[in-house]
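Asker: give me a 3D structure for the following:
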Amino acid sequence: MELLRFRNLERWYGARCIVREAGGVVRQGEHVALVGRNGAGKSTLFSLLTGEAEPDGGEISRARSIEIGWFRQASGEFFGEHEGRTLRDYVQEAFAHMEADARELEHLEYEMGRARGEELNEVMERYALLRERFERAGGHDYVYRIDAVLRGVGFDENDAARLLQTFSGGEKTRAALARVLLDAPDLLLLDEPTNHLDIAGVEWLEGFLSRYGGGVIVVSHDRWFLDRVIGCVWLLEDGALSAWEGNYSHFVESKARADEERERRIAAQERQIAHERKVIAELATHGSHNYVQLKARARRLERVERIAPTSRTRALRVSFRPSRALHDPVVELRGVSKAYGGRTLFAPFSLAVRAGECLGIVGANGAGKSTLLKMLTGEVLPDAGDVLWSEGVQRGIYAQEVGDLDPGASVLDELLRGWLGTPEEARGLLGALLFSGEDAEKRIASLSGGEKRRVMLAKMVSRPANVLLLDEPTNDLDIASREVLEEVLGAFEGTVVMVSHDRFLLERLCDRVVEIADGTASLCEGGYAELAAAHAPASARAVERVGKTERERQKAEQRGAQAARGPSPKRQLQGVERRIEALESEIAAMEHELCDPGTYREGERVRDLQQRLAAAREELEGLEDRWGELVDLV
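Answerer: Presented below is the predicted three-dimensional model:
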């Protein structure tokens, strides 16, 4: 079923054409990535597709009664009258129609006890239709769906009761994302949905979207995310929209092959044009008897339609200032630990960072990643343990904040502060980092967040360093800028330690990864893919538990009960803890499944899940009470 189709779409801003003769179609269940440089017109295209803006040309056909949900990058700025409400009240509005149906069902149940004869038949018919619609939409299970989505985007029960006016900008953005996901529209437009989500939140969103039955168009700079949620790419480039089948990585490969073929055609065309010009010049030297042939060739040359050049990024030639080579270990952490306000970020651990390696640091928001990095920069001292640097270290630091840039300076002037080369060399470096021509004269104050980060990258490259310490270096960068960053870091011969949630960057560059979770820092001897694989079996087991039969679940309960009747309180406690852990995994998996709109196509399945979920929660509550009693005994 087609949800939306458009053709010959045009949109102008003054003399500039943002969208030119664009066409495309989105069908139910199709997931599309919309990619292009910052400022290419992606948000403009979204506004046209939703009907918020009118095209200057072309037409858009939308399915009858289609619901379109649009999550914007700055969605959290548009709460307005919602500011005085709690998070739960705000997202629960997505189910206002179901709450109204629930009230109507209660009223009809009352009427069935009062009505007689034909009136009773009419009430019962109305009740049956309404009940069927209510159950098909998930019934009273919408409460579980709200909880599951809020947890998925990083909120806990305490957050659900907070007023939106107390939320930070990032929290408001996550609240807006939760709301549009719960609305479950026919067509979902997502503009940078992974911003403000940690890796766990992004992975949850990947799972949610992979099961989403409606159409999805997503703008994102997270290439790992795109590879997992989309099956088609729309490229918006110089106003033209082109479609490419496959995920993002397949698109990159296909686009590179197409660009190479176009460049070969351009080279062949240039050779042919040069040959024609040479022939025309020779004919012109032989007098008037060649006039007709000369004119014919000249007209044919004028009519040649030049093949448009490709937009391929040229190979970067960026080199760091030479610095002294280091020996192992470059830096050694010996039993370092850190806590804030009684909360342990990471218990004592030790680590030796090798010369020439790239070490990644990952973890949930607030886990302590930046704190660990600031220990290496010297901004934060450990509560215990030592940070020991080898001799000759020259550190280059790339922080999340961009406050040390002079807003009144031009890009070039900012780079020239402390520059050791010539102004021509500075311009060459800026050109390699996508500041070409007049862009180098822009004032810092007029730059976007991503452009300011590229200025910081240029400054870091321009100074001698043999160790780079980077805190979320891809924040605010579009895909082209991220690729530039990867090339620059890949060319660096020293040691790199970076905090990042960009899994594509981590996998491409990192030799080892430190993960901070639940107050512990642990080292994975491998890249991000190895770390993700280590977590995968636990996730698979959690999903598998949902498929247990009732008999298997009862056996598991019996095993838990047998363990709880062990001969000593200590052994009983161990059994109870194992059962609690298993139940929590079962509950999380069932809530995850109930969050999927596709689950509600099977009413019997939904009722079974709801009953099992209620039973599991009741058992968990009893076991938690028993755990408290056993702890006192032990």
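
Asker: how far off centre is whichever strand or helix holds Leu283?
Answerer: Using DSSP states H and E, Leu283 falls within helix 248-284. The chain centre lies 37 Å from the centre of helix 248-284; the measure is Cα atoms, centre = their mean, to the nearest Å.

Asker: right, and the helix or strand after it?
Answerer: Downstream of helix 248-284, the first helix or strand assigned by DSSP H and E is helix 291-302.

Asker: mind giving me the packing neighbours of the helix holding Leu283?
Answerer: Judged by 3 or more Cβ pairs under 8 Å, 6 or more residues apart in numbering; DSSP states H and E, the packing partners of helix 248-284 are strand 31-35, helix 223-229, strand 232-237, strand 240-245, helix 291-302. C-beta here means a position set from N, CA and C on the backbone, and glycine is covered the same way.

Asker: tabulate the ones you listed in CSV, adding columns for mean pLDDT, distance to Arg607 and mean neighbour count.
Answerer: Shown next, in CSV, are these (pLDDT from 0 to 100; distance: least, Cβ to Cβ, whole Å; neighbours: other Cβ atoms under 10 Å):
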stretch, mean pLDDT, distance to Arg607, mean neighbour count
strand 31-35, 95, 30, 24
helix 223-229, 93, 30, 22
strand 232-237, 93, 36, 19
strand 240-245, 92, 39, 15
helix 291-302, 78, 75, 12
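
Asker: closest one to Arg427 among the ones you listed?
Answerer: strand 232-237 (25.8 Å; Cβ to Cβ).

Asker: pull out the buried residues from stretch 492-503.
Answerer: Phe492, Gly494, Thr495, Val496, Val497, Met498, Val499, Ser500, His501, Asp502, Arg503 (16 or more other Cβ atoms under 10 Å).

Asker: correct me, but the last one touches Leu226?
Answerer: What that stands for is Arg503. No. Applying Cβ atoms under 8 Å, one finds Arg503 not in contact with Leu226, separated by 11.2 Å.

Asker: identify the contacts common to those two.
Answerer: Shared contacts of Arg503 and Leu226, defined by Cβ atoms under 8 Å, 6 or more residues apart in numbering, are absent.

Asker: for Trp12, see how far away Arg605 is.
Answerer: Going from Arg605 to Trp12 by Cβ to Cβ, to the nearest Å gives 51 Å.

Asker: same thing with Glu203?
Answerer: Look at Glu203 and Trp12: by Cβ to Cβ, they are 40 Å apart.

Asker: higher neighbour count, these two?
Answerer: Glu203 (19 against 14; other Cβ atoms under 10 Å).

Asker: what is the least confident helix or strand in the chain?
Answerer: In the chain, the helix or strand scored least confidently by mean pLDDT, DSSP states H and E is helix 550-564, which has a mean of 39.

Asker: how about the helix or strand that comes right after that one: buried residues?
Answerer: Once the chain leaves helix 550-564, the next helix or strand it forms, by DSSP H and E, is helix 569-594. Residues of helix 569-594 classed as buried: 572-576, 579-580, 582-583, 585-594 (neighbour count, 16+ other Cβ under 10 Å).

Asker: low-confidence ranges in the stretch 451-600 of the chain?
Answerer: Within the stretch 451-600 of the chain, the ranges that satisfy pLDDT under 70 run 536-572, 574, 596-600.

Asker: for the nearest residue to Gly356 once chain neighbours are set aside, list the residues it contacts.
Answerer: Once flanking residues are discounted, Gly356 sits nearest to Thr495: 6.1 Å by Cβ to Cβ, 6 or more residues apart in numbering. Applying Cβ under 8 Å, 6+ apart to Thr495 gives the contacts Leu326, Val330, Val353, Arg354, Ala355, Gly356, Glu357, Cys358, Leu359, Asn466, Val467, Leu468.

Asker: tell me which residues touch the spatially most central residue of the chain, please.
Answerer: Ranked by distance to the mean C-alpha position of the chain (Cα atoms, centre = their mean), the top residue is Thr194 at 2.9 Å. Shown in contact with Thr194 (Cβ under 8 Å, 6+ apart): Gly201, Val202, Leu205, Ser220, Asp222, Phe225.

Asker: same question for Lys459.
Answerer: Glu414, Leu415, Gly418.

Asker: from those, which land in helices?
Answerer: Members of those lying in helices (criterion: DSSP state H): Glu414, Leu415.

Asker: dump the contacts of Lys459 to CSV, plus neighbour count, pLDDT and distance to Glu525.
Answerer: Shown next, in CSV, are these (neighbours: other Cβ atoms under 10 Å; pLDDT from 0 to 100; distance: Cβ to Cβ, whole Å):
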residue, neighbour count, pLDDT, distance to Glu525
Glu414, 24, 86, 40
Leu415, 24, 86, 38
Gly418, 9, 74, 38
